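> Here is my input; please provide its structure:
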Amino acid sequence: MATNFDSLGEFGWISRLQKAIQPTNKSTIYGIGDDAAVLAGTEEEYKLLASDMLVEGVHFDVRYSPLKHLGYKAVVVNISDIYAMNGQPEQIVVSLAISSKYTVEAVEAIYEGMLLACKIYGVDLVGGDTTTSPAGLSISIAAYGSVKKDKITYRNGANSGDLVVVSGDLGGAYMGLQVLEREKSVFLENKEVQPDLSGHDYILERQLKPEARKDVIEMFEKMELKPTAMIDISDGLASEAIHIAAQSGMGVTLHEEKIPIDPSTYNTARDFNLDPTVVALNGGEDYELLFTISQSDYDKIKGSPHFTPVGYITADKEVYRFVDRQNGEHELQAQGWDAFLSKNKDVKGDKEE
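The predicted model follows:
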């Protein structure tokens, strides 16, 4: 009997692939299962390889995604995976599938955004491929980078008692998307009405032009801090925390009162009758870094405006908890983005049950 992708999901598919794929080259150090593949490099460092794809109608809507911003975002989401390994991106290759509705000038705008991101993050665009598409636009990028062998950080290194820490704030990208979708709906109903995006600059930028946390990796170096595990937040805090715990053979507990949410994200969520905490847990696309550190390293981040401890790792394998503001315990569930679901779950207004 055939298996539908909707029932399997992205990570179910990855798990299925892992069972079938056995690397044979000595230069393959670590394959499927982390933010980037780890390849042999020099005596002092490994090479890193990551790839990501953005597909029109699945990952973006050109009715509200400026093409220059889209090109910029396409680069950022890829190099974020390199930073999640505690590494530095160095090169990218870009492949586009383009339908006839796109002009040369439109594609040039996409590349303009890509090249701006490359300049800001110190990355070279060194090649790729371009082909036609029967409909829409697809952007596929592979990012290549490096990491010192004593600095590399996998998802599976968390230990019982480690603190779970997040950079920045969460939920903004998702709420930016909600504002854009709302204004699109209004426009489609009445094309005489102009979109009202006033007062939403921060969350719109979080959605349309996110930034990878290169600065966090630089801060780790200055602090002499090496996380025990790390992942970038593309699918939501809950999903990523569970990934770290599961791959480390551990459990995790997150505390609602600790989750960092920007006031603009919080207020917009309330305007949409959404629970800001659930938005932060499950919204995704923030591209912040979620990492674990030993308790002995806490003083290195204590008081930093860039980092917030949101929970801790436990020895209770496959036990994922969420503690609300009233100290009630709930099962932590991953309800964020899944690229293989035909209709991704909405972020609901109820807390994790």
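
> When you work out contacts or count neighbours from here on, use the C-alpha atoms and nothing else.
Fine.

> Next one: the most centrally placed residue in the chain from residue 184, what distance?
For the chain, residue 234 is the residue whose C-alpha lies nearest the centre (C-alpha atoms, centre = their mean; 1.9 Å). Relative to residue 184, residue 234 is positioned 24 Å away (C-alpha to C-alpha, to the nearest Å).

> picking that back up, tally up the residues packed near the closest residue to the residue nearest to the centre of the chain other than its chain neighbours, please.
Sequence neighbours aside, residue 285 is the residue nearest to residue 234 in space, at 4.4 Å (criterion: C-alpha to C-alpha, 6 or more residues apart in numbering). Neighbours of residue 285 under the rule other C-alpha atoms under 10 Å: 25.

> So residue 285: helix, strand or coil?
Classification of residue 285 by DSSP: H, G, I helix; E, B strand; the rest coil places it in coil.

> Return the residues in contact with it.
If you count contacts by C-alpha atoms under 8 Å, 6 or more residues apart in numbering, residue 285 has them with 173, 174, 207, 233, 234, 235, 236.

> Quick check: the third one is in a strand.
No. With three-state DSSP as the criterion, residue 207 is located in helix rather than a strand.

> domain ranges for the protein?
Domain assignment for the chain, taken from automatic domain parsing, gives 5-148, 155-331.

> Need those in JSON lines (columns: mean pLDDT).
Listed next are those as JSON lines, based on pLDDT from 0 to 100:
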{"stretch": "domain 5-148", "mean pLDDT": "92"}
{"stretch": "domain 155-331", "mean pLDDT": "96"}
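
> Please identify the deepest-packed of the ones you listed.
For those, the largest average neighbour count (mean count of other C-alpha atoms under 10 Å) is found in domain 155-331, namely a mean of 20.

> can you pull out the strands in the stretch 51-200 of the chain?
Secondary structure of the stretch 51-200 of the chain by DSSP state E, counting those that start in this stretch: the strands cover 88-98, 124-132, 137-148, 163-167.

> Can you give the contact residues for the shortest one?
The set of residues that contact strand 163-167 without belonging to it, under C-alpha under 8 Å, 6+ apart, is 216, 288-295, 298, 306-313.

> who does that strand pair up with?
Strand pairing for strand 163-167, determined by DSSP bridges: strand 289-293 (antiparallel), strand 307-314 (antiparallel).

> and what of the longest one?
With DSSP bridges as the test, strand 137-148 is paired with strand 45-55 (antiparallel), strand 88-98 (antiparallel).

> can you redo those as JSON lines with distance to residue 74?
Converted to JSON lines, the strands paired with strand 137-148 look like this (distance: least, C-alpha to C-alpha, whole Å):
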{"stretch": "strand 45-55", "distance to residue 74": "7"}
{"stretch": "strand 88-98", "distance to residue 74": "9"}
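
> Any idea which of these gets closest to residue 112?
Counting by C-alpha to C-alpha, residue 112 lies closest to strand 88-98 out of these; the figure is 12.9 Å.

> quick one: contacts for residue 228?
Going by C-alpha under 8 Å, 6+ apart, residue 228 touches 153, 154, 157, 158, 159, 291, 292, 293, 294.

> Name the nearest of those residues relative to residue 68.
Closest approach between these and residue 68, by C-alpha to C-alpha: residue 291, at 30.8 Å.

> For that closest one, give the beta-bridge partners.
With DSSP bridges as the rule, residue 291 is bridged to residue 165, residue 230.

> could I get the strands of the stretch 51-200 of the chain as JSON lines with distance to residue 43?
Converted to JSON lines, those look like this (distance: least, C-alpha to C-alpha, whole Å):
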{"stretch": "strand 88-98", "distance to residue 43": "17"}
{"stretch": "strand 124-132", "distance to residue 43": "24"}
{"stretch": "strand 137-148", "distance to residue 43": "9"}
{"stretch": "strand 163-167", "distance to residue 43": "31"}
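
> out of those strands, nearest to residue 64?
strand 137-148 (14.4 Å).

> Next, the angle from that closest one to strand 124-132.
Orientation of strand 137-148 against strand 124-132 (axes from the mean of the first three to the mean of the last three C-alpha atoms, to 10 degrees) gives an angle of 150 degrees.

> before we move on, back to that, tell me which of the contacts of residue 285 fall in helices.
Among those, the members falling in helices (DSSP state H) are 173, 174, 207.

> CSV please, covering those residues and showing distance to residue 252.
Formatted as CSV, those follow (distance: C-alpha to C-alpha, whole Å):
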residue, distance to residue 252
173, 24
174, 24
207, 28
